[in-house]
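S.K.: Sequence and predicted structure are below.
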Amino acid sequence: MIRIEHLHKIYQVAKRDITALTDINLQIEAGEVFGIIGRSGAGKSTLIRTLNLLERPTSGSIFIEDEDITQFDSANLHKLRQRVGMIFQHFNLLSAKTVAANIDWPLKVTGKYTAEQRRQRVTELLELVGLSEHRDKYPAQLSGGQKQRVGIARALANYPHLLLCDEATSALDPETTQSILRLLLDINRKLGLTIVLITHEMQIIRTICDRVAVIDDTRIVETGKVADVFLHPQHPVTQKLVAESHTFDNDANLQADQFKGKLVRLTFVGDITYQPILTNITAATQVLITILQGTISRIKDTPYGQLLVELNGSDEDIRQVFTHFDQYQIHHEVLS
Ligand SMILES: Nc1ncnc2c1ncn2[C@@H]1O[C@H](COP(=O)(O)OP(=O)(O)OP(=O)(O)O)[C@@H](O)[C@H]1O
């Protein structure tokens with residue numbers, strides 16, 4: 001769907017060069033929800049804005065459905081903007097227009113539809129985003145979540161193949177964020193729409209993305225399936241972003257010398273999460289397993305668990321426990 005090759009972006013401000021993107025290479029598949037995460041100033045906004053040429057790259061190529069958009073003239077650019085919808089952190093709605101008129105606007109601009117066709121499409125979109133009762137209100141009369149729903153409906157008006165989300169939930173409270181993320185996921189599944197989003201929060205990546213790229217200091221430092229990146233982060237920046245997103249205190253708060261046994265971090269993914277594996281292993285080996293910290297949650301639809309446990313038993317029995325972990329495909333890391 002999207003192939004980004006050797007993309008660079010340098011801004012020039014008062015004859016000074018500011019590098020925003022360095023040699024970005026990414027491939028995003030049709031129908032996936034792809035997240036780009038990084039700290040402030042890493043280059044996220046610049047990167048997502050190059051995908052519809054709101055920002056022109058300095059060099060490199062961006063292929064969308066096999067066409068290099070960086071070579072587009074203004075007629076092609078106009079068509080590109082219809083194929084690629086975008087939603088924004090601060091919604092960017094037209095305050096003097098009603099909800100229906102905001103959604104109608106991109107349809108009107110194409111000049112392709114009759115008034116009746118546009119009216120029907122707006123009704124359909126209002127239904128999709130759950131705002132049918134609010135069609136005649138003005139943006140100022142809506143909550144933040146409702147405003148973003150209008151933004152989503154407007155972005156979908158021209159049947160885009162790709163939806164870009166620029167920190168789309170960072171102005172919203174946690175509950176509204178969840179409802180907008182559910183809506184995006186629903187749209188991704190119902191319409192088969194490819195979604196690319198940028199965020200600084202790992203929670204958002206974990207909730208809706210299939211794959212993720214981590215950007216730091218203008219470069220992509222890690223890319224992979226969300227479960228792999230989240231559960232086994234490789235780059236120090238990724239490790240920090242993941243650690244910050246955990247709801248429990250960090251392992252550092254536990255002193256290894258407080259415990260007589262072996263401290264082991266367990267990571268498991270899939271159906272095994274809800275099975276009594278530790279009970280079975282204790283029964284089979286006589287090793288006492290104490291849970292010291294842990295999370296059982298989901299990465300998108302996949303259950304996973306991360307536990308910090310203490311193992312008490314003979315060396316031979318503990319070796320057997322590790323064999324069981326291997327058999328159950330439980331990743332284990334001995335901390336002491
Ligand atoms: N229009 C611009 N002119 C000059 N420099 C810019 C411009 N936009 C961004 N930059 C610079 O490019 C770099 C990357 O900025 P960018 O906004 O892409 O990062 P970001 O990861 O989206 O940050 P944030 O999360 O704070 O929005 C920063 O050094 C920023 O100061």
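M.R.: Received the coordinates, thanks.
S.K.: Please make it C-alpha for all contacts and neighbour counts, starting now.
M.R.: Noted.
S.K.: Which stretches in the stretch 101-250 of the chain count as helices?
M.R.: With DSSP state H, counting those that start in this stretch, the ranges of helices along the stretch 101-250 of the chain come out as 115-128, 144-156, 174-191, 202-208, 226-231, 236-245.
S.K.: ok, and which of those helices has the densest surroundings?
M.R.: Per-stretch averages of neighbours, counted by mean count of other C-alpha atoms under 10 Å, single out helix 144-156 among these, with a mean of 24.
S.K.: Mind giving me the packing neighbours of that one?
M.R.: Identification of packing neighbours for helix 144-156 by 3 or more C-alpha pairs under 8 Å, 6 or more residues apart in numbering; DSSP states H and E yields strand 84-88, helix 99-110, helix 115-128, helix 174-191.
S.K.: quick revisit: indicate which one of the helices of the stretch 101-250 of the chain is closest to Ser95.
M.R.: Distances from Ser95 to each of those were compared using C-alpha to C-alpha; the shortest belongs to helix 144-156, at 10.6 Å.
S.K.: so which residue of the stretch 51-200 of the chain comes closest to the ligand?
M.R.: Of all residues in the stretch 51-200 of the chain, His200 sits closest to the ligand, at 6.7 Å by C-alpha to the nearest ligand atom.
S.K.: ok, back up a step: let me have the helices and strands packed on helix 144-156 in CSV, extended by distance to the ligand.
M.R.: What follows is the helices and strands packed on helix 144-156, written out as CSV (distance: least, C-alpha to the nearest ligand atom, whole Å):
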stretch, distance to the ligand
strand 84-88, 12
helix 99-110, 25
helix 115-128, 29
helix 174-191, 17
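S.K.: can you list these in a markdown table and add mean pLDDT?
M.R.: Output for the helices and strands packed on helix 144-156, formatted as a markdown table (pLDDT from 0 to 100):
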| stretch | mean pLDDT |
| --- | --- |
| strand 84-88 | 95 |
| helix 99-110 | 96 |
| helix 115-128 | 96 |
| helix 174-191 | 94 |
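S.K.: Nearest to Asp228, out of these?
M.R.: For the helices and strands packed on helix 144-156, the distance to Asp228 is smallest for helix 174-191, at 20.3 Å, taking C-alpha to C-alpha.
S.K.: Outside of the closest one itself, list whatever touches it.
M.R.: If you take C-alpha atoms under 8 Å, 6 or more residues apart in numbering as the criterion, helix 174-191 is touched by 31-33, 129, 145, 148-149, 169-170, 193-195, 204, 207-208.
S.K.: that older thread, nearest to His78, out of the helices of the stretch 101-250 of the chain?
M.R.: Of all these, helix 144-156 sits nearest to His78, with 14.4 Å by C-alpha to C-alpha.
S.K.: re the thing from before, out of the helices of the stretch 101-250 of the chain, the one nearest Thr323 is which?
M.R.: Shortest distance between Thr323 and the helices of the stretch 101-250 of the chain, using C-alpha to C-alpha, is found for helix 226-231: 21.0 Å.
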